[in-house]
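J.: give me a model of this one.
(2 chains)
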Amino acid sequence: QKEVEQNSGPLSVPEGAIASLNCTYSDRGSQSFFWYRQYSGKSPELIMSIYSNGDKEDGRFTAQLNKASQYVSLLIRDSQPSDSATYLCAVNDGDSWGKLQFGAGTQVVVTP
Amino acid sequence: KAGVTQTPRYLIKTRGQQVTLSCSPISGHRSVSWYQQTPGQGLQFLFEYFSETQRNKGNFPGRFSGRQFSNSRSEMNVSTLELGDSALYLCASRTDRATNEKLFFGSGTQLSVL
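T.: Alright, predicted model coming up:
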């Protein structure tokens, strides 16, 4: 059973602080890693993708990947109330083209 | 460029009925996937279609089926609805030129089975 595990939330973050989200995965064949943001009642929105070990920065978001440890993380710098959402970690299934395995999601609540 | 379009946005059905959901992918995207999202199980993969062929299937009963048309539009059908089928059904598309491609989701169809 391939699994994607995320921190259980909710994660409460003061406005302006850094939110740190973690994700581990079991499928060593996975090569593509994504972070989606999902607001309540809305569909998932892709915010970051990462394919190589190391860090990838995009605006206030930084994704970090360590394939040896089967670990991927997302940092949200200068957190804003609009960042309050559920963040889903998704990992491609190494055996099935086009299939993503999703974690349960971590709810982030940014408090003013 | 228009995003992934799903219709209808909301559906209310009763147990035993059948339902068909529709998805139009982003222009140029040839792969369409369907996911089910529930509070208890999260996002679960249903199936993926490419060039009118089902390429992958998740662990769902045969009541769940789908198809893809030559214009890449896809439909998903659920027969003999059960209460547990109440969920948000999400369609996603990608161009399918590489394995690491990003998947883009539609707004979803919220299905309620009474």
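J.: got the residues of chain A near chain B?
T.: Counting by CB under 8 Å from any CB of the partner chain, the residues of chain A close to chain B are A:31-32, A:34, A:36, A:42-46, A:49, A:51, A:88, A:90, A:92-93, A:96-105. The C-beta positions use only the backbone N, C-alpha and C, and glycine is treated the same way.
J.: show me where chain A has strands.
T.: A:4-6, A:11-14, A:19-25, A:33-38, A:45-50, A:54-58, A:61-66, A:71-76, A:85-92, A:100-102, A:106-111 (DSSP state E).
J.: now do A:Asp93, the pLDDT please.
T.: The model reports A:Asp93 with a pLDDT of 85.
J.: picking that back up, make JSON lines out of the strands of chain A and add mean neighbour count.
T.: Listed next are the strands of chain A as JSON lines, based on neighbours: other CB atoms under 10 Å in any protein chain shown:
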{"stretch": "strand A:4-6", "mean neighbour count": "20"}
{"stretch": "strand A:11-14", "mean neighbour count": "15"}
{"stretch": "strand A:19-25", "mean neighbour count": "20"}
{"stretch": "strand A:33-38", "mean neighbour count": "23"}
{"stretch": "strand A:45-50", "mean neighbour count": "18"}
{"stretch": "strand A:54-58", "mean neighbour count": "12"}
{"stretch": "strand A:61-66", "mean neighbour count": "18"}
{"stretch": "strand A:71-76", "mean neighbour count": "21"}
{"stretch": "strand A:85-92", "mean neighbour count": "24"}
{"stretch": "strand A:100-102", "mean neighbour count": "22"}
{"stretch": "strand A:106-111", "mean neighbour count": "18"}
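J.: can you check which of the ones you listed gets nearest to B:Ser70?
T.: strand A:100-102 (25.3 Å; CB to CB).
J.: remind me what the closest one packs against, helices and strands.
T.: Under the contact criterion of 3 or more CB pairs under 8 Å, 6 or more residues apart in numbering or on different chains; DSSP states H and E, strand A:100-102 touches strand A:85-92, strand B:42-50.
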